[in-house]
Each structure stands twice: as C-alpha cells, then as structure tokens.
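[1] here you go, sequence then predicted model.
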Amino acid sequence: MQENSRVTTLFPVDADLSIDELMQRVRAEVELRRSMHDDWVEEEAVPVAKGERLPRWVGSSRRLPTKPFYQLGELLQFTDEEFISIAFRVILRRPPDEESGRHYLHALRAGRNKIQILGDLRFSEEGWKNNVHINGLMVPYKLYGMADRRFIGRFVRLALDLGRLLRLPHRLQSAENSSGRNVQELGGVVNKLGEVAEERLAQLEAARAQFETRQAHLEGEVANRASAAALQAADERAKNLAALAAALAERADAFAARADALAVEVAKLQAQLAPEHASIQALTVDSHGHRRSILDLQRKLMTLARAAPTPTEGVVSPNVVVPSTGAVNDILNADYVSFEDSFRGEREDIKQRCAHYLDSLRDASIEPGDGLVLDLGCGRGEWLELLLEKGYAARGVDLNAAMLADSRDHGLDVIEADAVSYIASLPDASVAAITSMHLVEHLPHDVLIRLLDEAFRVIKPGGLIVLETPNPENITVGSCWFYLDPTHRNPIPPQLLQWIVTNRGFSDAKVERLSEFRGVPSIPRLGEEVAGAAQINEMAAWFTAAPDYAILARRA
C-alpha cells in the first residue's frame, strides 16, 4: 500500500541557533498550522526541510490526479462529503459551491446512489463542456434512471437490489479495510510523535549532562590553580559558563514548551482515534449481521430453486416467483469470488506473480501491437490488467459472471463464455498467444485435449502458449492445498502436462517451476557432518519445492 500521508521532523538541536531564529521558527510553525486547517490536499503531503513542521495526519484516502478519463471504481471508493468534493473536482474541474455541495450532500445522505450523483454531474451542461470520461458510468446510470419508470422500474430496481446484495460483502470488507488502514496510519503518526518527543528529550538530557561535565571540569581546574592568573582565567570561564547556562536554560524552556505542544497533539490524535475504533467495532458487528442475512437469503433462494417444479411436473403459478438456475449460479459464482479473495491473495500480489510472463512474451518476440493475447479462465483479470498497462491487446474469457463484472469495472475486455467453445469459434492463426492461470486442473482429460487442439489451430506460427497449474512435486500442495479449491479435479505432474502439450503438436515445451511471491517456507538444510543429513535434506526439498509450475511452448 502506498503511503498517502507523510511526516516531517522537528528542528534539530543546533548550538549556534539564536533566540531570534528559534522564535522565528516557532512563529512560522504556528502560522503554518493556522493556514492548513481549510486546505484541500490535492496530492500527497511533501516533506519540507528538517526543522519546519511537526508530524501530522492528513488522511489515507488516495487523491486522484487530474486526467481526461477515470474508472468508475476510482470515484466510488470515497464517501460522504469527500465524495461530493472529489466528484465536483474531477467532473466539473472546480470545487463545489456552497448551495450545490449542500444539495448533493443532502441527497447522498438521504439515500441517493453515488452513481446517480456522478451521472447528474457528468451529463449536466457544465459536465458536457468539460467532457471528462468515466468508464463504466453510462450503463448503471441509465439503469437507475429506468428504475423510476412505471412497470419496468420494479424489475430494474429488483435487479439492481440483487446486484448490490451480492456485492455487499465485498463492499463491507473494503470499508472495513479502509477504516482499519486509517486507524493504523493514525496510530503510526501518534507513535511518530512519541518518538520525536522522546528523541528531543533525550537530546536535552544529553546537553544537560554535557553541561554538568564541563561545570565539574571547570570547578576542578579552579581548585587546582592557586595563582592569580589561574584564578582570573577560572573566573573568566565561570562567566562564560554562566552565559552558557543562561542560554541552555532558555533553550530548555523552549524544548519544554515544544514537549507540551507535542503532548497536546498526542491527546488530540488519541481523541480522534476513539470514534474510529468505535466505528470499526460497530461496522464489524453490522458486517457479521449482514453476512448472516445474506447467507439466509441465499439458502432460501437455493432451496426454492431446487424445489421448483420441472416443466413435466406442472405449471408454476404466475403469482409465485421461483428463482432460476441462473440465480443459483450467481450465488455460487459470488461464493467463489469470496473464496478467491480469501485464499488466492491481493490483486497486486497476483500481478507480481504474473509479471515474469512479460519476459516470456518478449523471448517469443511478441511485442505490444503484434496481436491479441487471449487469457482463458481470466478470473479477476490481474494478468489482463498488467498486459493492458504494458500496451498489449488482451482479452479474457471466463464463466464466472461475478468475476467478469469486477474485471469490467477495471476497464478490461472480457467475455463470458466456455473457454473451449470460445476459441473453437475463432479463425485459424488469429491470436499471438494463449495463456491460462490455474485452469487445466479444472478440466477432464478429453476437454484438455480439445482445448490444446483448438489452441494450436488459432495461435499464429511462432506464437506462445502458457499453462500454469499447482505443482504436486510440493508434497503440501499435492496432498492438501490443491484440494482446498472444491472445483479442482486432480493434480497434473509437470512431466505429464509437458508430454501432453508436446504430443498435441507444440514444440520447445519447457517446465518453469514458480516460487517467487508465493510464500514458500524456508527449511534450513543440515550440514554433511550431521548423521542422516542427505535423507533429511531430500525430505525437506519435498516441502519447499515450487508450489506452482507453468508449461511454455511454441507453435512451430
């Protein structure tokens, strides 16, 4: 996570710092604090020179840069007054005036959807003039507009409510993560204030100790020198020491005042943290309650779907709404998204794991603009997003509508279809590369053969195929983690998948064992002098083998 707030340090202890300079810095600090209360932070706070400012918290919400287009999800992450302010600045390129800001804030708090507010601003006369594109806004805005119409509005509202209900756990989790991040960052600022205060007090104590040492040294010299010249020199040093003591006392008073100010700041931050903790606790309780309600509703829907009469059992009353098989699939798809979010890792983690395949494309002489890269079983679209960032034309195929909706929110080109059926519909030699991350372990053997045959047909000569799957050479993966996913069929040993790919006509098939960014445990190897070290080290290798592998092959 990138830091959205930064801290500065207090001015250092400087023996040559005059009282006027010290007071000038104090006045500058006070004036800076007054001026920053009503400032709207457009970007990250940049640290100023050392000695200018105290640490402060400026909030964890990532500010949006000014650009010609945005993704809808970038704007929906903000809430309440901050959402209204950012919506005006992004779409209308200005802060909200008092009347408009109050109007939209009241509408938001009264229950109006964020998408409707964004659409009202974007498609206003002023919004058309600025022409800021928000990817993914048009369709949901139109749907919310249709929800107010007679007859069709009831069905549109029902569909919108069901969609929001299915995504509610994900949004609650995001809200809880955001609140937790704010608390952590506030705590970090408090800790930093404490560290700065301790550091300055330690410097003050060191200065006092130095002063006492010098005083003792001077007193010893006075005692050991009996001559008038020595007494006169000692008297001169005593005067200097008195002046130094006076200056040190003034500086000590300044440090004490600064320490008091730090204590006040810490107390304020602690007071600010208290409602955040209370909000998190309330949000946690609410999320558990909502989760139970969602599960109860899902169970009822699935029970109704299973109990619904088939066409041969009779006609269902037109007044009875029976969930369709598609509704049940939507629930199962949403559950699988929750499973992926819990066990697969964060979006940026998956992008890190996929990044080395960019080198594989370059090694195969596939550069941006050389053709389409097709990802089968694209899921949440992390690999597609990385390809798009690097300038490649990329498209994903998956059957999970909930995951595809998340991919479309990120502006990705995805299609809801069966992977084999989709590539069977493509022309010969029409794609530069085909990739699949953790798909083949879900397929029966005959379906895998058909997928490889269709892939060989549609990949251009010299093109690349990449098949990533769990590695059963790792004994923990093969015996436990593989079966954590209930949709897996059976592990595929690397040598077998390599042979199958070669046997279906691909050339230069090689195995890449993948450990980076996958949390492989570290088991230290025993030295050769230890009895049985060879056997123990060999067994340790079974548990530390790469948890994933990939087959990379070319079409000749």
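    Now that the structure is in, tell me what you want to look at. Numbering: from 1, shown residues only.

[2] what pairs with the closest residue to residue 364 other than its chain neighbours across the strands?
    Closest residue in space to residue 364, ignoring its immediate chain neighbours: residue 464 at 4.3 Å, by C-beta to C-beta, 6 or more residues apart in numbering. All C-beta atoms are positioned from the backbone trio N, CA, C, and that covers glycine. Following DSSP bridges, residue 464 is listed with bridge partners residue 433, residue 554.

[3] so who does residue 464 touch?
    360, 361, 364, 366, 432, 433, 434, 552, 553, 554 (C-beta atoms under 8 Å, 6 or more residues apart in numbering).

[4] sec struct for the fourth one, please.
    In other words, residue 366. Of the three states, residue 366 takes coil according to DSSP: H, G, I helix; E, B strand; the rest coil.

[5] contacts only, for the closest residue to it other than its chain neighbours.
    Closest residue in space to residue 366, ignoring its immediate chain neighbours: residue 432 at 5.1 Å, by C-beta to C-beta, 6+ apart. Counting by C-beta under 8 Å, 6+ apart, residue 432 makes contact with 366, 370, 371, 372, 373, 459, 460, 463, 464.

[6] nearest to residue 83, of those?
    Proximity to residue 83 was ranked across the contacts of residue 432 by C-beta to C-beta; first place goes to residue 373, at 35.9 Å.

[7] who does that closest one bridge with?
    With DSSP bridges as the criterion, residue 373 is bridged to residue 394, residue 433.

[8] so, low pLDDT: which residues of the stretch 201-350 of the chain?
    Along the stretch 201-350 of the chain, segments meeting pLDDT under 70 span 222, 225-228, 230, 284-345.

[9] distance-wise, check the closest residue in space to residue 395 that isn't next to it in sequence relative to residue 536.
    Leaving aside its sequence neighbours, residue 395 sits nearest to residue 413 (C-beta to C-beta, 6+ apart; 4.7 Å). Between residue 413 and residue 536 the distance is 51 Å, computed by C-beta to C-beta, to the nearest Å.

[10] same question for residue 218.
    Between residue 218 and residue 536 the distance is 68 Å, computed by C-beta to C-beta.

[11] where's residue 354 relative to residue 496, distance?
    Counting by C-beta to C-beta, the gap between residue 354 and residue 496 amounts to 24 Å.

[12] more crowded one of these two?
    The residue with more neighbours, out of residue 354 and residue 496, is residue 354; 21 against 11, by other C-beta atoms under 10 Å.

[13] check contacts around that one.
    Contact partners of residue 354, counting by C-beta under 8 Å, 6+ apart, are 382, 383, 386, 437.

[14] which residues does the second one contact?
    Shown here is residue 383, whose contacts under the criterion C-beta under 8 Å, 6+ apart are 350, 351, 354, 357, 375, 394, 435, 437.

[15] ok, which stretches of the stretch 201-350 of the chain are helices?
    With DSSP state H, counting those that start in this stretch, the ranges of helices along the stretch 201-350 of the chain come out as 228-307, 325-343, 347-354.

[16] got the buried residues for the shortest one?
    Of the residues in helix 347-354, those buried by neighbour count under the rule 16 or more other C-beta atoms under 10 Å are 350, 351, 352, 353, 354.

[17] of the contacts of residue 464 - the most surrounded one?
    Counting by other C-beta under 10 Å, residue 433 has the largest number of neighbours within those, with 28 neighbours.

[18] how far away is that residue from residue 418?
    With the distance defined as C-beta to C-beta, residue 433 ends up 20 Å from residue 418.

[19] what residue ranges in the stretch 351-500 of the chain score low on pLDDT?
    Residues of the stretch 351-500 of the chain that meet the criterion pLDDT under 70 are absent altogether.
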